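K.L.:
Sharing a model prediction with you, sequence too.
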Amino acid sequence: MKRETVAVYPGSFDPPTNGHIDLIERSRKMFDKLIVAVIVNPTKKPLFSVKERVKMLKLITKNIKNVEVDTFDGLLVDYLKNKKLKIVVRGLRVISDFEYEFQMALTNRKLYPEIEIIYLMPSEKWTYISSSLVKEVASFNGNIINFVPTEIERLVKLKYKL
Ligand code: PNS
């Protein structure tokens with residue numbers, strides 16, 4: 001029997017953006033299952049709790065087949081090893097992403113040589129979007145409707161009590 005191929009898309013998703021959805025849609029077609037893995041404690045203090053980020057991801061992926069949402073704490077490689085998984089998907093938007101991703105990929109590979117990290121480019125419509133920019137715009141009462149799904153816009157606004 002063919003073993004199912006499972007990939008992990010890790011991130012902070014604070015909050016999930018249209019760019020994240022694009023990446024989920026692209027990568028889930030390449031594998032039998034895609035696990036969107038939300039980091040519990042990102043380096044930067046998150047706006048949304050892990051529970052809220054998971055809830056948002058479940059909401060926006062509810063109609064997307066073969067996608068699961070999970071959480072991880074600590075090292076990504078430990079999560080992968082525990083789950084016996086080795087394929088990771090990450091998005092590459094602009095050149096500045098490359099340096100960070102390159103360092104992270106090589107560190108992860110040193111820690112877990114079996115890992116393979118696949119980089120996908122989102123549609124050019126979303127190459128400039130990041131969760132940080134979405135938060136900055138929203139914090140100054142700017143319109144974020146072009147950057148995140150409607151349900152997420154509502155929750156971000158609620159956070160900033162706009
Ligand atoms: O959405 P982000 O913030 O770019 O995601 C970064 C993330 C969560 C994938 C990365 O910071 C991560 O894997 N953190 C877990 C800790 C870890 O494994 N660090 C070593 C990798 S260099």
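P.N.:
Looks like it came in fine.
K.L.:
What ranges does the chain have for its strands?
P.N.:
6-11, 33-39, 67-72, 87-91, 116-120 (DSSP state E).
K.L.:
Provide the contact partners of the longest one at residue level.
P.N.:
With contact meaning CB atoms under 8 Å, 6 or more residues apart in numbering, strand 33-39 is reached by 4-13, 24, 27-28, 50, 53-54, 57, 61, 66-73, 76, 79, 83, 85, 89. For glycine as for every other residue, the C-beta is placed from the backbone atoms N, C-alpha and C.
K.L.:
Swap in 7 Å and give it another go.
P.N.:
4, 6-13, 24, 27-28, 50, 53-54, 57, 61, 66-72, 79 (CB atoms under 7 Å, 6 or more residues apart in numbering).
K.L.:
Can I get the strands of the chain in CSV including mean pLDDT and distance to the ligand?
P.N.:
Shown next, in CSV, are these (pLDDT from 0 to 100; distance: least, CB to the nearest ligand atom, whole Å):
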stretch, mean pLDDT, distance to the ligand
strand 6-11, 98, 3
strand 33-39, 98, 4
strand 67-72, 98, 7
strand 87-91, 98, 7
strand 116-120, 97, 10
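K.L.:
With mean neighbour count and distance to residue 139 as new columns, can those strands be given to me in a markdown table?
P.N.:
Output for those, formatted as a markdown table (neighbours: other CB atoms under 10 Å; distance: least, CB to CB, whole Å):
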| stretch | mean neighbour count | distance to residue 139 |
| --- | --- | --- |
| strand 6-11 | 22 | 21 |
| strand 33-39 | 23 | 22 |
| strand 67-72 | 18 | 25 |
| strand 87-91 | 21 | 23 |
| strand 116-120 | 14 | 29 |
